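# Let me see the structure of the following:
(one chain, ligands or ions: 1)
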Amino acid sequence: MFDYAITPQILANKTILITGAGAGIGRQAALTYAELGATVILLGKTVAKLEAVYDEVLAKGYPEPAIVPLDLKGATKQNYIDLAATIENQFGQLDGALLNASILGELTPFNQIHLQTWQDVMQVNVNAQFLLAQALLPVLLKAKSSSLVFTSSGVGNKGKAYWGAYSVSKFATEGMMQVIADEYDNSVLRTNAINPGGTNTNMRSVAYPAENKATIASPEDIMPLYVYLMADDSKAINGQRLNAQ
Ligand code: NDP
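Sure thing, here's the model as predicted:
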């Protein structure tokens with residue numbers, strides 16, 4: 001695992017947005033950030049899942065979160081602008097954004113990828129990230145020190161047979177991260193990407209149905225890097241792709 005010793009309350013007084021916060025890695029990141037003192041903004045598609053995380057955060061006595069139900073597939077540019085305006089009104093600034101939500105599409109030979117699958121994967125994994133990042137930049141720049149974190153994959157810098165649209169979308173994600181990091185170098189904002197590595201979630205089960213789940217990391221196991229990139233300890237890190245495992 002990425003080597004970082006997490007100290008209690010390291011994220012106190014920070015406001016952090018997490019996409020895909022209702023399940024898998026995003027859910028765990030939201031719970032961990034809240035445990036460490038952050039006010040978390042839970043963005044996701046399925047309201048019931050977001051509400052369950054909200055309830056869990058409150059039950060544990062962590063700072064009260066906010067919920068943003070948004071389907072990244074259908075969301076418009078205006079939806080993201082409205083979201084950024086709400087964050088600014090409510091919190092004044094944004095200290096961190098974990099762009100975690102994505103879809104796998106289907107694993108299939110390249111010559112059989114359906115156009116619709118290709119378009120859906122690009123919409124959620126690339127276009128939505130672009131619109132969200134663009135809308136959030138002004139609120140992130142209002143913080144004293146802020147962190148924008150994209151989520152890549154093992155197939156995000158090395159193409160792999162049958163991973164088609166998903167792999168290409170993760171290359172685009174890393175490209176977007178590098179462009180933003182370079183443009184905002186020497187600003188309060190740092191921009192990086194995480195490669196989580198194989199982690200026991202619904203997406204992983206779909207990609208590797210026969211895998212023995214006991215042999216792979218849990219979302220909790222990979223949190224050190226997720227915390228490090230949101231903590232001020234990573235202030236000097238910009239434009240990097242980092243492995244959580
Ligand atoms: P999951 O499929 O378990 O969770 C994905 C989350 O994204 C869910 O909360 C889901 O919400 C949300 N989401 C999906 N589509 C949309 C949408 N259209 N609008 C809003 N939210 C949406 O995935 P993981 O937790 O495994 O993956 C998290 C990230 O890590 C992804 O970017 C993935 O590519 C990456 N990754 C994961 C690896 C792994 O082994 N698990 C390995 C490498 C990379 P809902 O449940 O409501 O649909």
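# how long is stretch 153-164 end to end?
Taking C-alpha to C-alpha, to the nearest Å, the first and last residues of stretch 153-164 lie 13 Å apart.
# And it, how far out from the chain middle?
Stretch 153-164 has its C-alpha centroid displaced from the chain centroid by 18 Å (C-alpha atoms, centre = their mean, to the nearest Å).
# and what of stretch 7-15?
Taking C-alpha atoms, centre = their mean, the mean C-alpha location of stretch 7-15 is offset from the chain mean by 18 Å.
# and the closest residue to the ligand within the chain, what does it touch?
Distances from the chain to the ligand, computed as C-beta to the nearest ligand atom, single out Gly24 as the nearest residue at 2.3 Å. (Glycine included, C-beta is placed from N, CA and C.) When contacts are counted by C-beta atoms under 8 Å, 6 or more residues apart in numbering, Gly24 touches 199, 201-203, 219.
# Mind listing what's buried along the helix or strand that contains Leu83?
Using DSSP states H and E, Leu83 falls within helix 77-91. Neighbour-count burial for helix 77-91, with 16 or more other C-beta atoms under 10 Å as criterion, is recorded at 79-80, 83-84, 87, 91.
# Any buried residues in stretch 34-51, and which?
For stretch 34-51, burial by neighbour count (16+ other C-beta under 10 Å) applies to 34-36, 38-45, 49-50.
# Just the mean pLDDT for it, thanks.
Mean pLDDT, stretch 34-51: 98.
# does it come close to the ligand?
Yes - for stretch 34-51 and the ligand, the contact criterion (C-beta under 6 Å from any ligand atom) is met by 44-46, 49.
# can you check stretch 143-154 too?
Yes - residues of stretch 143-154 contacting the ligand under C-beta under 6 Å from any ligand atom: 151, 153.
# Distance from that stretch to the middle of the chain?
Averaging C-alpha positions (C-alpha atoms, centre = their mean) puts stretch 143-154 8 Å from its chain's average.
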